[in-house]
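Participant: requesting a structural model of the entry that follows:
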Amino acid sequence: MRATLVVMKRSVLTRYRVMAYVTAVMLLILCACMVVKYGFDKAEGLTLAVSQIHGVLFIIYLVFAFDLGSKAKWPFGKLLWVLVSGTIPTAAFFVERNVVREVEPLLEDASPAVAKA
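Facilitator: Numbers count the residues shown, from 1 in each chain. Have a look, this model is predicted:
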């Protein structure tokens with residue numbers, strides 16, 4: 001079996017990274033709001049607003065993570081783990097680091113090629 005070299009644009013990885021961090025931070029904020037809501041019976045309106053914002057951002061994260069995974073030709077299990085990591089507090093931070101290490105070698109070189117004479 002021949003390995004296929006996958007080359008993708010850096011913007012695909014950048015979009016994923018930004019949304020991984022934003023989603024992870026929003027999930028931590030949502031967790032804090034839930035503690036305040038259910039633990040201290042306060043901030044019900046804030047919790048509702050944060051949960052809706054997180055929901056929309058998570059959908060965007062899913063789209064960008066799926067785009068990255070399909071371009072990197074990940075197996076289904078890996079793609080599923082990356083998608084689900086956005087639902088586990090702090091997991092997206094660690095998964096994002098591993099994804100970057102794996103995907104960076106697949107990025108096309110931004111510098112122009114120099115022809116040898």
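
Participant: could I get the contacting residues of the spatially most central residue of the chain?
Facilitator: Closest to where the C-alpha atoms of the chain average out (CA atoms, centre = their mean) is Ala20, at 3.1 Å. Listed by CB atoms under 8 Å, 6 or more residues apart in numbering, the contact set of Ala20 reads Tyr61, Ala65, Gly86, Ala92, Phe93, Val95, Glu96, Val99. In short, each C-beta sits where N, CA and C put it, glycine included.

Participant: derive a PyMOL selection command for the buried subset of those.
Facilitator: Of the contacts of Ala20, the buried ones can be selected in PyMOL as follows, counting by 16 or more other CB atoms under 10 Å:
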select buried, resi 61+65+86+92+95+96+99
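
Participant: now the helices for the chain?
Facilitator: When secondary structure is read from DSSP state H, the chain shows helices at 10-40, 44-72, 76-84, 91-103.

Participant: give me the contact list for stretch 61-81.
Facilitator: Contacts to stretch 61-81, defined as CB under 8 Å, 6+ apart, come from residues 4, 6, 8, 12-13, 15-16, 19-20, 22-23, 82-83, 86, 95, 99, 102-103, 106.

Participant: what comes up buried for it?
Facilitator: Residues of stretch 61-81 classed as buried: Tyr61, Leu62, Phe64, Ala65, Leu68, Gly69, Lys71, Ala72, Trp74, Leu79 (neighbour count, 16+ other CB under 10 Å).

Participant: include pLDDT when you put these into TSV, please.
Facilitator: Below are the buried residues of stretch 61-81 laid out as TSV (pLDDT from 0 to 100):
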residue	pLDDT
Tyr61	93
Leu62	94
Phe64	94
Ala65	92
Leu68	90
Gly69	88
Lys71	87
Ala72	85
Trp74	87
Leu79	90
